[in-house]
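Engineer: A structural model of the following input is requested.
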Amino acid sequence: MNNAFAVPLADRYFEDYEVGISAEYGAYEVTEEAIVAFGVAFDPHLMHTDTSAAGTGPFGGLIASGWHTTAMMMRIMVDNFLNERTSLGSPGVDDLRWRLPVRPGDTLTARFTVVAARPSASKPDRGLLHTAIELMNQSGDIVMSQTMLNLVRRRPRT
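Structural biologist: Below is the predicted model:
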């Protein structure tokens, strides 16, 4: 499924993201150290920062913050799906859901499916890309889902 695109990541423009294209990328390994570091810096609840306290909490152990989970998905996206040269940012996401906890030792894979794409009516150099995203653990369980809207540069006319 990784070869859904006709062109490599560095050469992708808006026109390459055809509706229906679906690709999976991953093997992002989650470590206890990364969970704690992110938690301490950005989401300092004990379930994200203290292994002992998390063990007696509602999840029975340390879990990644939902925001950390989303950030890990973003790393996979930038490395594999949407290149920095043509990505012009995102005005937001819809239906963000953290479905299951992400734990130390999990290996994450992301599935990106283009659900809508249209050229911008006001700025002809770009298009609007809607992508359904599912982040899965090593068992194939969906741990996070969302639909992201991205602004993507159109291929220059030659």
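Engineer: which residue ranges of this structure form strands?
Structural biologist: 22-29, 92-98, 107-119, 126-136, 142-153 (DSSP state E).
Engineer: give the pairing partners of the longest one; include direction for each.
Structural biologist: Meaning strand 107-119. Sheet pairing of strand 107-119 (DSSP bridges) gives strand 22-29 (antiparallel), strand 126-136 (antiparallel).
Engineer: just name the most buried of these.
Structural biologist: Ranked by mean neighbour count, these are led by strand 126-136 with a mean of 20 (mean count of other Cβ atoms under 10 Å). Placement of C-beta: from N, CA and C, glycine included.
Engineer: and for that strand, what's in contact with it?
Structural biologist: Taking contacts as Cβ atoms under 8 Å, 6 or more residues apart in numbering, the residues outside strand 126-136 that touch it are 14-15, 17, 26, 69, 72-73, 76-77, 81, 88, 108-120, 142-154.
Engineer: angle of that strand against strand 142-153?
Structural biologist: Strand 126-136 runs at 160 degrees relative to strand 142-153, counting by axes from the mean of the first three to the mean of the last three Cα atoms, to 10 degrees.
Engineer: tabulate the CA atom coordinates of strand 126-136 in PDB.
Structural biologist: Extracted C-alpha coordinates of strand 126-136, given in PDB (Å, rounded to 0.1, in the frame of the first residue of the first chain):
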ATOM      1  CA  ARG A 126      -2.800  25.800  -4.200                       C
ATOM      2  CA  GLY A 127      -5.400  23.300  -3.500                       C
ATOM      3  CA  LEU A 128      -7.300  22.100  -0.400                       C
ATOM      4  CA  LEU A 129      -6.700  18.500   0.600                       C
ATOM      5  CA  HIS A 130      -8.900  16.500   3.000                       C
ATOM      6  CA  THR A 131      -7.200  13.400   4.400                       C
ATOM      7  CA  ALA A 132      -8.700  10.800   6.700                       C
ATOM      8  CA  ILE A 133      -6.000   9.600   9.100                       C
ATOM      9  CA  GLU A 134      -6.000   6.500  11.200                       C
ATOM     10  CA  LEU A 135      -3.100   5.800  13.600                       C
ATOM     11  CA  MET A 136      -2.800   2.100  14.500                       C
END
